[in-house]
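Engineer: Got a sequence here, can you model it:
(chains A and B)
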Amino acid sequence: MKSEFIPPIGRIREINGQCISLFGDDIDTDRIIPARFLKCVNFDSLGESVFEDDRLTLNGRHPFDLEENKNATILIVNSNFGCGSSREHAPQALMRWGIKAIIGESFADIFYSNCIAIGIPCFTLSKTSIQEIQENKDNKFLFLEIDLKNSLAKSKDLNLKLEIKESSRKMFLSGEWDATTTLLKNENLIENKFNDLPYLKF
Amino acid sequence: MSQDTLFDKVWDLHKVSILPGGSDQIFIGLHLIHEVTSPQAFGALKDKNLKVKFPERTVATVDHIVPTDNQSRPFKDNLAEQMIETLEKNCLEHKIRFFNIGSGNQGIVHVVAPELGLTQPGMTIACGDSHTSTHGAFGSIAFGIGTSQVRDVLVSQTIAMNKLKVRQIWCENKLSKGVYAKDLVLHIINELGVKAGVGFAYEFAGPAIDELSMEERMTICNMSIEGGARCGYINPDEKTFNYIKNKLCAPKNEHWDKALTWWKSLKSDHNAIYDDVIKLDASKVEPTVTWGITPGQSISINQQIPLLDDLSPNDQVIAKEAYEYMSFKPGQLIKDTPIDVCFIGSCTNGRISDLRVAAKVLKDKKVSKNVKAFVVPGSEKVANEAKQEGLDQIFKDSGFQWREPGCSMCLAMNSDKLIGNQVSASSSNRNFKGRQGSPSGRTLLMSPAMVAAAAINGKVSDVREFIN
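Structural biologist: Got it, this is the predicted structure:
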């Protein structure tokens, strides 16, 4: 079993770690965490069930079961990753397994928002760059140093310019990805809006 | 950048501030919650000693985990019982309106809110469920959120979000007989692909959309998310207003007149600017069935499962995965595929009009003996209405099991599940691997009428052969 889970907190400026590649477009959140694991009132035990059905099908050969990947923290994926259900259980399960950042061709919108809201930066790269990373056998133990300030990922041989929504990048650098406090700072504006909206008077 | 669309108007109206990072802080007019994605959010409130800011703007029901055979308490499934108890406790503690089982108003959250008149034009609506896009059928801006954002809505009634782009999907002409809203939306997703909607809100418009009933419009908007669009909407019109009028939570008396005037001002301007416009001909759509593992992998009832070479290189990888998982051969006809289970229900197609259409096909017919068929009404109201019309009896006489309301086998969080590699004909919204509760179960999505036809023949059939 992995070391104890510590959720991210505050500013996130860099993430250094080993990559784990997962192949395939349109990997939906039902596959990331099947619905039967949603019967819970907290997220604590989700890490061990991540990709449960895919892992059972592959009988030990799934990337999340390979010994060489057990310390990986940066997930490399293809396009439309996290499509389908809005279940935050999906990124929570990935995070509890050990994932701290995701680099992919593209992400489904709700999954992306959920990742930002819990402190997992998601970056995009071109299809070609992703495939280069995924297919290069030398990258089996690819370690990346992700620098959020400059949106760069570096390894011994690679120097990648990552794309990330500017608002997300700023929120990670300032720590405001954990949005509650920031939202509540505008309490007066929220009250004004509540009083102004026409339909709240109907 | 879009301008003067309904989306722009509603978004701008709800903008509270621009946050330091550059995202918008958006006020949520109506927050819907259920038992699966809310407990951790309430847990966070407790941890941080925060309270619900506007409890009257949140409404709860229970749908995902409820059993559909025996709903007596405590539920047989301890975990399900624990989840409903947690929701009951949270609603009581935070003074949130809760439509529980037996209240007469319980059901799938996206069926319940519209039938109560909670869903209204011009609102922003959020819920910890991706099919929240359903409510866009009323000209509201409605989208799914995760649990952390549920927490944010509870404590601040706002979320941090970037404005979406707007794509208009213009549907020319009319749907032909035996072709339903489900077929149209499956067709749209097939044409555009499952990721085309990422970063977009979809505005569905045109004569074919105008022609649809409110319930059919909900089916269309419901599946926006399957095309990647977090939000889908339709400009409100007389049908919208008539649907809402006299509903329990609809504006009444002088408020109704004010509401009407305001609602009429919301629709996209004639010269609105869209980030993208797509046009398609609804009259060309035929009864449509999915053959693969994404809602975009669909064909018309008389078509063959596509050959690899017929697909774009981007679609080939997932197609190969689909052939293998579904045990289909490229070039094979979808028609006559044997079916094990038939499911009518879900937030996509579990409303009274869906049940009426299916019952019409099933009347005086029998479900094939090889098929297990069941119908799960979308809400207690739908169930009661169906009973008053005698639809429950038609279903039962045909061999369908008549169940209690809930999400049921759309996502199989209760005991309604596929077994092994069974094939289901399902009126739900997702055919993902393992979606219906068995890691090797196979789902064919189609309209409720097509599910009824499949149930009778025990195989995928063309419903047009049943209706005249």
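Engineer: What strands line up against the longest strand seen in chain B, and which way round?
Structural biologist: Longest strand in chain B by number of residues (criterion: DSSP state E): strand B:165-172. Applying DSSP bridges to the sheet, strand B:165-172 is found paired with strand B:200-205 (parallel), strand B:276-281 (parallel).
Engineer: residues in contact with the last one?
Structural biologist: Meaning strand B:276-281. Applying CB atoms under 8 Å, 6 or more residues apart in numbering or on different chains, the contact partners of strand B:276-281 are B:165-173, B:187-188, B:191-192, B:200, B:206. Just so you know, the C-beta spots here come from the backbone N, C-alpha and C atoms, and that holds for glycine as well.
Engineer: Pick the one among the residues you listed closest to A:N192.
Structural biologist: Checking these against A:N192 by CB to CB gives B:V166 as the nearest, at 26.7 Å.
Engineer: so that closest one sits right up against B:F200, yeah?
Structural biologist: Yes: contact criterion CB atoms under 8 Å: B:V166 and B:F200 qualify, at 6.7 Å.
Engineer: Tell me the first helix or strand C-terminal of the helix or strand hosting B:G232.
Structural biologist: Secondary structure assignment for B:G232, by DSSP states H and E: strand B:231-233. Later in the chain than strand B:231-233, the nearest helix or strand by DSSP H and E is helix B:238-244.
Engineer: Would the helix or strand that that following helix is followed by count as contacting chain A?
Structural biologist: Later in the chain than helix B:238-244, the nearest helix or strand by DSSP H and E is helix B:253-264. Yes: judged by CB under 8 Å from any CB of the partner chain, helix B:253-264 and chain A are in contact via B:255-256, B:258-259, B:262.
Engineer: which among the residues you listed gets closest to B:G441?
Structural biologist: Nearest to B:G441 out of the residues of helix B:253-264 next to chain A is B:A259 (CB to CB; 44.9 Å).
Engineer: Give me the pLDDT for the residue lying closest to that closest one once chain neighbours are set aside.
Structural biologist: Closest residue to B:A259 apart from its sequence neighbours, by CB to CB, 6 or more residues apart in numbering or on different chains: B:P251 at 4.2 Å. For B:P251, the pLDDT comes out at 98.
Engineer: looking at it, B:P251 is touching B:K258, isn't it?
Structural biologist: Yes: if you go by CB under 8 Å, B:P251 and B:K258 touch, sitting 7.2 Å apart.
Engineer: Not counting its own residues, what contacts whichever strand or helix holds A:S113?
Structural biologist: Assigned by DSSP H and E, A:S113 belongs to helix A:109-118. Contacting residues not belonging to helix A:109-118 are listed as A:7-8, A:29, A:81-83, A:86, A:88, A:90-92, A:95, A:102, A:107, A:121-122, A:168, A:171, A:177-179, B:130, B:143-149, B:152, B:161, B:164, B:198-199, B:225, B:228, B:230 [CB under 8 Å, 6+ apart].
Engineer: Pull up the pairing partners for the strand holding B:G232, direction included.
Structural biologist: strand B:200-205 (parallel).
Engineer: and A:G24, helix, strand or coil?
Structural biologist: coil (DSSP: H, G, I helix; E, B strand; the rest coil).
Engineer: shared neighbours of B:P251 and B:K258, which are they?
Structural biologist: Residues touching both B:P251 and B:K258 by CB under 8 Å, 6+ apart: A:F202.
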